[in-house]
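Undergrad: For reference, the sequence and a predicted model appear below.
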Amino acid sequence: MRTWRSPVPSTAVKTRTSALVGGLVSALLVLASCSSGESGTSAPAERTSEAPPLAKLTATPADDATEVPPGEPVTITVANGAIDEVELTNADGKAVKGEVAADKLTWTSGEVLGYAKTYSYDASATGSDGKKVELKGSFTTLKPGSTPRATINPTDGANVGVAMPISVKFPEGGVADKAAVEKALKVTTSAPVEGSWAWLNAQQVDWRPKEYWPEGVEVTVNADLYGVAYGGGAYGKADLSTEFTIGRNQVVKINTPDHRMDVYRDGKLFTSYPASNGRDDDPNLNTPNGTMIVMAKEEVGDFSNPRYGYTNVKKKWAVRFSNHGEFIHENNENAANIGKANTSHGCVNLLEADAKAYFDSALIGDPVEVTGSKADMPTTSDVYDWLIPWSQWQSMSALS
């Protein structure tokens with residue numbers, strides 16, 4: 001009898017087939033996972049980071065700087081690029097003037113800053129690689145201990161004599177750092193003139209030429225003192241300037257034994273007046289030797305001097321040439337001695353008509369040269385610049 005086997009169910013066939021296929025796939029996956037990059041299949045490339053910008057901006061003063069001197073310019077510079085824009089503003093948002101250089105490598109502020117103020121900057125530039133960079137920051141200027149005022153002479157528009165010095169004075173206190181101040185002073189002339197600054201004391205620095213000024217020279221003086229450290233916590237209050245002109249060349253020459261006062265123009269005798277000078281027998285009453293300058297003019301001067309027993313003494317056409325007590329003035333009461341004997345207490349006495357003529361011709365800054373006396377002019381007058389030899393004068397500069 002034939003034996004019948006039951007047929008395999010179709011679902012079983014499918015299961016075996018699936019298992020076979022699944023095994024094949026698994027084998028292929030295992031094979032793939034064991035393959036190396038050398039077999040021709042490359043690993044994915046790693047992502048590289050973008051290169052940084054080439055341009056670099058730098059600010060002076062740097063961000064968060066304090067005690068910044070307000071007189072020093074603010075600069076923004078760039079390396080490997082060109083500056084696009086810079087804005088410097090104060091605490092109120094007001095822009096500070098500045099300019100980018102032609103090569104676009106530097107921006108420089110164009111005005112001085114305030115004391116004890118905060119400023120902010122915002123700068124941008126484009127590098128040689130085309131990428132833009134920015135720089136932002138802020139700084140604070142210093143707070144001075146004091147800001148003494150200064151004065152300058154001659155004043156604007158003055159027409160002065162050929163011996164006139166330039167004086168910068170600091171009446172509210174002395175200067176400790178004289179070199180710093182002197183570096184801030186500049187004299188410009190319309191024709192070459194050799195001269196030098198000299199410190200007469202801590203409160204006064206003068207400039208004078210080696211020889212008398214040339215006639216007609218125009219002079220400009222700039223004292224850029226704002227923000228300059230004087231020392232001891234003091235800083236300059238403001239800049240000063242003046243422009244003046246040198247007048248005609250007139251020199252007064254007095255040789256006391258001659259009893260005359262000679263006036264020279266351009267080196268030639270212009271006029272001569274009989275005079276009575278300080279007493280020869282008493283050096284304290286001499287008209288002292290030295291080169292002084294016309295300092296002031298008064299139509300009527302008060303010559304009262306209780307020390308010598310005279311009060312309420314008024315004289316006409318008074319021209320002061322020292323603060324030691326010397327004037328050129330009218331004294332008709334001494335007419336008998338004018339041109340003959342020296343009988344005054346140091347002044348130069350002239351007859352009234354001559355005193356008026358000289359008064360009208362004199363300029364502040366005209367030199368007055370006195371010789372022949374027993375005494376020399378002491379360096380106690382306000383203006384004794386020409387009593388100092390040139391070599392000594394040069395050595396009195398803080399920059400010598």
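TA: Looks like it came in fine.
Undergrad: For the residue nearest to residue 210 when sequence neighbours are not counted, grab the count of nearby residues.
TA: Spatial nearest neighbour of residue 210, excluding adjacent residues (C-beta to C-beta, 6 or more residues apart in numbering): residue 194 at 4.6 Å. C-beta coordinates here come from the backbone N, C-alpha and C atoms, glycine included. Taking other C-beta atoms under 10 Å as the neighbour definition, residue 194 ends up with a count of 9.
Undergrad: Next up, the contacts around residue 194.
TA: Counting by C-beta atoms under 8 Å, 6 or more residues apart in numbering, residue 194 touches 209, 210, 211.
Undergrad: what's the closest of the residues you listed to residue 260?
TA: residue 211 (25.0 Å; C-beta to C-beta).
Undergrad: Check the secondary structure at that closest one for me.
TA: Reduced to three states with DSSP: H, G, I helix; E, B strand; the rest coil, the structure at residue 211 is coil.
Undergrad: So what's the residue count around it?
TA: That count, for residue 211 with other C-beta under 10 Å as the rule, works out to 12.
Undergrad: show me what contacts it?
TA: So residue 211 contacts residue 194 (C-beta under 8 Å, 6+ apart).
Undergrad: if we can go back for a sec, could you tell me how far the residue nearest to residue 210 is located from residue 66?
TA: Here residue 194 is placed at a distance of 43 Å from residue 66 (C-beta to C-beta, to the nearest Å).
Undergrad: my guess is residue 61 meets residue 74, correct?
TA: Yes - Residue 61 lies in contact with residue 74 (C-beta atoms under 8 Å); the separation is 6.9 Å.
Undergrad: Test of understanding: give the bridge partners of residue 272.
TA: residue 262 (DSSP bridges).
Undergrad: I'd like to check which residues are in contact with it.
TA: Residue 272 neighbours (C-beta under 8 Å, 6+ apart): 260, 261, 262, 263.
Undergrad: possible to save those as JSON lines with neighbour count?
TA: Formatted as JSON lines, these follow (neighbours: other C-beta atoms under 10 Å):
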{"residue": "260", "neighbour count": "16"}
{"residue": "261", "neighbour count": "27"}
{"residue": "262", "neighbour count": "17"}
{"residue": "263", "neighbour count": "18"}
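Undergrad: Return the member of those residues nearest to residue 245.
TA: The shortest approach to residue 245 among the contacts of residue 272 belongs to residue 263, at 20.7 Å (C-beta to C-beta).
Undergrad: residues contacting residue 331?
TA: Shown in contact with residue 331 (C-beta under 8 Å, 6+ apart): 276, 315, 338, 344, 347, 349, 350.
Undergrad: now do 6 Å
TA: 315, 349 (C-beta atoms under 6 Å, 6 or more residues apart in numbering).
Undergrad: May I have the phi/psi pair for it?
TA: With angles defined as degrees, to the nearest 10, residue 331 sits at phi -150, psi 70.
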